[in-house]
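**Q** With the input below, show me the fold.
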Amino acid sequence: MLGVGRATRLLRFATALPKTYVGEVVLGTSTSTLDASGTVTGTFEMASVTLAGVRAAAAALTGRILQTPPMVSAVKVAGRRLHELARLGVEIEREPRPVEVFRFDVEATDDPAVFSIEVACSSGTYVRVLAADLGAALGGGAHLRALRRTAVGGFVVGRAVTLDALGVGDVRPMGELVAHLPAVAADAGVAVAIAHGRVLSRQLVGATGDGPWALFDGSGKLLAVYETYAADRMKPTVVVCTEAPGG
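**A** You can find the predicted model right below:
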């Protein structure tokens with residue numbers, strides 16, 4: 001996903017969307033990074049594991065679960081990123097975090113120790129941890145390899161184009177990045193206030209819920225994203241249209 005111009009300021013809303021990944025889980029070997037880039041930390045005899053067994057273990061890791069961030073992650077603990085500590089050879093306790101795995105599909109491959117996976121999960125889920133937990137649940141160990149992200153929300157790899165092939169028709173409206181947010185239609189007067197980055201009355205613009213909200217003009221053009229400010233007030237998080245109507 002690539003943002004251009006003001007759209008770069010909206011990417012953080014899209015990156016918080018659920019994601020889909022494909023990859024492979026290798027049974028019988030655990031690694032320091034939980035993927036193929038790490039050093040081997042353990043080997044296990046797992047030749048008797050079946051596809052049905054792997055699928056059952058994957059099903060147990062589906063839904064709302066608690067997941068411990070890996071030491072190679074960018075999560076901060078006491079002001080330090082875990083991967084920085086890992087490079088120093090330091091391992092610390094990490095608090096498990098709630099994540100949600102919507103789908104954890106498993107298929108066999110030509111190698112009986114390797115299973116292909118497709119995972120649809122909430123933002124913040126570590127697929128390498130799922131692979132390691134899968135191996136542990138099967139009575140041994142495992143690591144992840146060949147991970148590839150195939151979707152972020154409604155943005156799927158099937159719609160992707162290379163930079164060399166990118167044409168005008170491939171550039172999507174900024175509003176698609178926040179299509180999952182509650183939409184609010186702004187009249188001309190409110191649009192002027194938005195262009196100036198003013199705090200607005202939620203009741204005045206008809207915004208309900210807790211936000212954030214995507215504010216559009218009458219033609220469907222994205223004007224800004226607003227968030228709760230205080231009581232009935234809402235303030236701009238990102239203003240993408242700074243030219244008032246008629247300006």
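
**Q** And Val184, how close does it get to Gly206?
**A** Val184 sits at a distance of 6 Å from Gly206 (criterion: Cβ to Cβ, to the nearest Å). The C-beta positions use only the backbone N, C-alpha and C, and glycine is treated the same way.

**Q** Show me which of the two is the more surrounded one.
**A** Taking other Cβ atoms under 10 Å, Val184 and Gly206 do not tie; Val184 has more neighbours (21 against 12).

**Q** Run through the neighbouring helices and strands of the helix or strand hosting Ala136.
**A** Using DSSP states H and E, Ala136 maps to helix 127-137. Judged by 3 or more Cβ pairs under 8 Å, 6 or more residues apart in numbering; DSSP states H and E, helix 127-137 is in contact with strand 19-27, helix 51-60, strand 63-67, strand 114-121, strand 142-152.

**Q** Among these, single out whichever gets nearest to Leu85.
**A** strand 63-67 (18.6 Å; Cβ to Cβ).

**Q** ok, Tyr21 to Met1 distance?
**A** 15 Å.

**Q** Show me which of the two is the more surrounded one.
**A** Legend: neighbour count by other Cβ under 10 Å for Tyr21 and Met1, higher for Tyr21 (18 against 13).

**Q** residues contacting the more buried one?
**A** The neighbourhood of Tyr21, defined by Cβ atoms under 8 Å, 6 or more residues apart in numbering, consists of 117-119, 121, 127, 147-150.

**Q** what about stretch 8-22, how long is it end to end?
**A** Using Cα to Cα, to the nearest Å, the end-to-end distance of stretch 8-22 comes to 26 Å.
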